[in-house]
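Peer 1: compute the structure for the input listed below.
(one chain, ligands or ions: 1)
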Amino acid sequence: MKVTALAGGVGAGKFLRGLIRAVPPRDVTVVVNTADDLELHGLHISPDVDSVTYWLSGLSDRERGWGRADETFRALGEVRRLGGEAWFALGDLDLGIHMTRTEWLGRGASLTEVTDRIRRALGVPCRILPMTDDPVHTWIDAVDANGVARSDPFQVYWVGRGARDDVKSIRLEGAADSAPSEGVMEAVAGADVLIICPSNPAVSIGPILAVPGVRDAVAARRDRVVGISPIVGGAPVQGMADRLMPVLGLEVTAAGAARAYRGLLGGWVIDRRDAGLRSSIQADLEIAVGTTDTIMVDDGSAERLAGFALELIHR
Ligand code: FO1
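Peer 2: Have a look, this model is predicted:
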């Protein structure tokens, strides 16, 4: 069974560790958001691609969710001491990835090629495709505590400013002019099952669907598409979906997250805690809705969740 997953960062990474236990990894392709990529210290940083790569290689920091286990931050400490830009916590091991990526990109390799070389070197057994090789950037338009309007790149809003601004709109710069990276359209068209990972619909999955051609390709496979709600009990399991979904007119519930994918889903998996929403989602979106434990405390629970999602759509 060939499976293609659309993925953001941490929630997706946890889930994907289970997916490659439920399905042979060689049959899995992961298409990852790149719209929260940033350039810092002259380095190309791809946080979601790296989170997915670290989780799938077993190198991730399970507690923090992002970055590497057993990480040190000595270089960052020196940057801080010198008065440089130290708001984004790049660890020493993590920096090695960004340095290598940036060097290979500078020599003319595409982000897709670089991502593939890095995932192979780290022992990731399935394909990881950045959604595009073109520059696409999420911008957050907001109003600060003094009532002053501002516009920031996603990581500045989230990490630099601690998500304290009142978000008014989300812009995807460059999306309309981007093209899916090599392999993405084939991976969507050729999959037996498409999975929308439990990621933020607004700033993780939204950008992948905004790459021209991708949304239509997913919609064309609608009866093969299953998603997992990133919202449990009215709050995101992790991240900032509660602050960003309302900006898109979506309520912060498992039903609101499903509505973000109207016309794209054949099935939707929600947590037992949200069982009360099941029939309304089913009726509203005309899809199969499955209820199970969606909190992934370890690889075993992630594998059970992946198996449940596959079962729901692959009958
Ligand atoms: N998230 C934070 O909250 N603070 C950080 O300093 C931070 C650094 C960081 C470095 C590398 C990386 O790959 C991810 C990092 N993240 C950090 C996570 C990241 O900002 C977001 O969680 C994702 O971009 C959202 O999907």
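
Peer 1: A275 against T291, yeah?
Peer 2: Yes: taking CB atoms under 8 Å as the definition, A275 is a contact partner of T291 at 4.9 Å. In short, each C-beta sits where N, CA and C put it, glycine included.

Peer 1: ok, the two, which is more surrounded?
Peer 2: T291 (17 against 13; other CB atoms under 10 Å).

Peer 1: residues in contact with that one?
Peer 2: Taking CB atoms under 8 Å, 6 or more residues apart in numbering, we find T291 in contact with 269-272, 274-275, 278.

Peer 1: and the helix or strand harbouring it, how far from the chain's centre?
Peer 2: Under the criterion of DSSP states H and E, T291 resides in strand 288-292. Its chain's C-alpha centre and that of strand 288-292 lie 22 Å apart, by CA atoms, centre = their mean, to the nearest Å.

Peer 1: residues contacting the residue of the stretch 51-200 of the chain found nearest the ligand?
Peer 2: Nearest residue of the stretch 51-200 of the chain to the ligand: A89, at 3.2 Å (CB to the nearest ligand atom). By CB under 8 Å, 6+ apart, the contact set of A89 is 67, 73, 76, 159.

Peer 1: recalculate using a threshold of 10 Å.
Peer 2: Going by CB atoms under 10 Å, 6 or more residues apart in numbering, A89 touches 64, 66-67, 71, 73, 76, 159.

Peer 1: where is pLDDT lowest across the residues you listed?
Peer 2: Ranked by pLDDT, those bottom out at R64 (93).

Peer 1: distance of that one relative to F308?
Peer 2: Distance, R64 to F308, using CB to CB, to the nearest Å: 27 Å.

Peer 1: which one's more surrounded, those two?
Peer 2: The neighbour comparison of R64 against F308 (other CB under 10 Å) goes to F308, with 19 against 13.

Peer 1: confidence score at the more buried one?
Peer 2: At F308, pLDDT is 98.

Peer 1: for the residue nearest to it when sequence neighbours are not counted, list each beta-bridge partner.
Peer 2: Using CB to CB, 6 or more residues apart in numbering and skipping residues adjacent in sequence, the residue nearest F308 is T292, 4.8 Å away. Applying DSSP bridges to T292 gives these bridge partners: D271.

Peer 1: how many neighbours does T292 have?
Peer 2: Close neighbours of T292, defined as other CB under 10 Å, add up to 18.

Peer 1: same thing with N146?
Peer 2: Neighbours of N146 (other CB under 10 Å): 6.

Peer 1: repeat that for I313.
Peer 2: By other CB under 10 Å, neighbour count at I313 equals 23.

Peer 1: how near is it to G227?
Peer 2: From I313 to G227 the distance is 10 Å (CB to CB).

Peer 1: any shared contact partners between the two?
Peer 2: Here I313 and G227 share the contacting residues 194-195, 265-269, 287, scored by CB under 10 Å, 6+ apart.

Peer 1: tell me the one of those residues nearest L95?
Peer 2: When the shared contacts of I313 and G227 are ranked by distance to L95 (CB to CB), I195 comes first, at 31.4 Å.

Peer 1: who are the packing partners of the helix or strand hosting that closest one?
Peer 2: According to DSSP H and E, I195 maps onto strand 193-196. Judged by 3 or more CB pairs under 10 Å, 6 or more residues apart in numbering; DSSP states H and E, strand 193-196 is in contact with strand 3-7, helix 10-22, strand 28-32, helix 214-219, strand 225-228, strand 267-271, helix 299-313.

Peer 1: okay then, goodbye and thanks.
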